[in-house]
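Engineer: Quick one: sequence and predicted model below, then my questions.
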Amino acid sequence: MVRPSRRSLLALAGSTVVTATTAVAGCLSRVEDATRGQFENPTDSLPSAGENAGSCPDYDVDWLVAYREIDPDEVPIYLEPSTDSIGETERITFSLRNESSSEFSHNQSNWRLHKRVDGEWYFLAPHDVILPLHSLLPRESHEWHLSVDNDGVEGGTAIERSQTYADRDPISGLGGGEYAFGTDGWFDDSDERVGFCARFELEADELELTPTGEVTKTKWDDGVLVARSTRGDPESDHSRLGAYELERVDDDVEGTPMITETVLRNDQLRDVIALAREHDADRVRLEEYDGTYPIFGSREDGHYEYDGETYEISTRELEEGE
């Protein structure tokens, strides 16, 4: 259970103990006045990013406020989770609370979600962020809500790789484990960035990696498993038929580490790896229409490591009938 701060307890007392309204109000006023003076220079009370290295993802900031490693009453600003753990369909709320006397600038759309597996953090969402600037005034807070709904994912429902900042309540494609929700910003009188991290547990089953429902047929062709998907528009002037190809390679080749949640967020990579595992195939060719230039995008080719196997991915355009 998340521990309440002294400020939260005092606020609760002020709202419920009616007979002591005057006394509590005076107490709250004195605490607030003392806090305001304590945080006149807010960054002086913040832990440096190095102090919490490893306990949170690397946000590339100067200061890092990790909720489980701080006393909320001793820092001027923090990100507070409403609970330590949730199950599927349950909601968790993250409250960024500015207890300083300075305005704090941040982008409400620039939240980040990571999962920790075997001591490493993996970025999951969002992949599309707008860039408005918001101000969090002294004594104000901002809330983000997050819930998980995996309905249909293992049955083939695709998870858009371009999940936006708004795709958070609910978000799909998350298996059980440890997660971190974070954001960052800066005080108006400082150019040093402040990061925030709130870890929580998702109590759910691990997800099984399965192909998307867009894979309609497969066949073997000279030792290669060939699959066809319904993605893309063959009638579009911008679409070309492409091959997204996988080959299982030696273990000594270093690749980008992947977990199920990251693979699920790339439809083509999800399909070829899932098909390779399902059919015990060393080589898979996924054929579909695509309108990007170069075909399937410039960042697809390379080596990927998943569940003890290393795969080489290459992409190319196909001639009709090839």
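Structural biologist: Received, thanks.
Engineer: Name the residues that touch the host helix or strand of residue 289?
Structural biologist: Residue 289 belongs to strand 283-290 when elements are defined using DSSP states H and E. Contacts made with strand 283-290 from outside it, assessed by C-beta atoms under 8 Å, 6 or more residues apart in numbering, are listed as 214-215, 221, 223-234, 236, 239-248, 268, 271-272, 275-276, 296, 318. All C-beta spots, glycine's among them, are computed from the backbone N, C-alpha and C.
Engineer: which ones among the residues you listed are found in strands?
Structural biologist: Using DSSP state E to define strands, the subset of those located there is 215, 221, 224-229, 240-248.
Engineer: And the residues you listed, which of them are buried?
Structural biologist: Under a neighbour-count criterion of 16 or more other C-beta atoms under 10 Å, the subset of the ones in strands among the contacts of strand 283-290 counted as buried comprises 215, 224-229, 240-248.
Engineer: so which pair among these is furthest apart in space?
Structural biologist: Taking C-beta to C-beta, the two most distant members of those are 240 and 248; they sit 26.6 Å apart.
Engineer: before we move on, back to that, the strand holding residue 289 to strand 224-229, inter-axis angle?
Structural biologist: Angle of strand 283-290 versus strand 224-229, following axes from the mean of the first three to the mean of the last three C-alpha atoms, to 10 degrees, is 20 degrees.
Engineer: Relative to strand 283-290, what are the paired strands and their orientations?
Structural biologist: For strand 283-290, the paired strands and their directions (DSSP bridges) read strand 224-229 (parallel), strand 240-249 (antiparallel).
Engineer: Could you work out which of those strands reaches nearest to residue 182?
Structural biologist: So among those, strand 240-249 is nearest, using C-beta to C-beta, at 32.2 Å.
Engineer: Give the pairing partners of the helix or strand just after the closest one; include direction for each.
Structural biologist: Per DSSP H and E, strand 240-249 leads on to strand 256-257 as the next helix or strand towards the C-terminus. According to DSSP bridges, the neighbouring strands of strand 256-257, each with its direction, are strand 302-306 (parallel).
Engineer: then the strand it pairs with to CSV, C-alphas only?
Structural biologist: Output for strand 302-306, consisting of C-alpha atoms alone and laid out as CSV, is shown next (Å, rounded to 0.1, in the frame of the first residue of the first chain):
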residue,chain,number,x,y,z
GLY,A,302,19.1,-5.5,-38.0
HIS,A,303,19.5,-8.2,-35.3
TYR,A,304,17.0,-8.8,-32.5
GLU,A,305,17.3,-11.1,-29.5
TYR,A,306,14.2,-12.6,-28.0
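Engineer: And for that strand, what's in contact with it?
Structural biologist: 249, 253-259, 263, 269, 273, 310-313.
Engineer: please redo it, this time with the cut-off set to 6 Å
Structural biologist: Counting by C-beta atoms under 6 Å, 6 or more residues apart in numbering, the neighbours of strand 302-306 from elsewhere in the structure are 253, 255-258, 273, 310-312.
Engineer: would you list the residues you listed in TSV and tack on pLDDT?
Structural biologist: Formatted as TSV, the entries for the contacts of strand 302-306 read as follows, by pLDDT from 0 to 100:
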residue	pLDDT
253	88
255	95
256	96
257	98
258	98
273	99
310	97
311	98
312	97
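Engineer: Drop the exposed ones from these and show what's left.
Structural biologist: Going by neighbour count (16+ other C-beta under 10 Å), those have 255, 258, 273, 310-312 buried.
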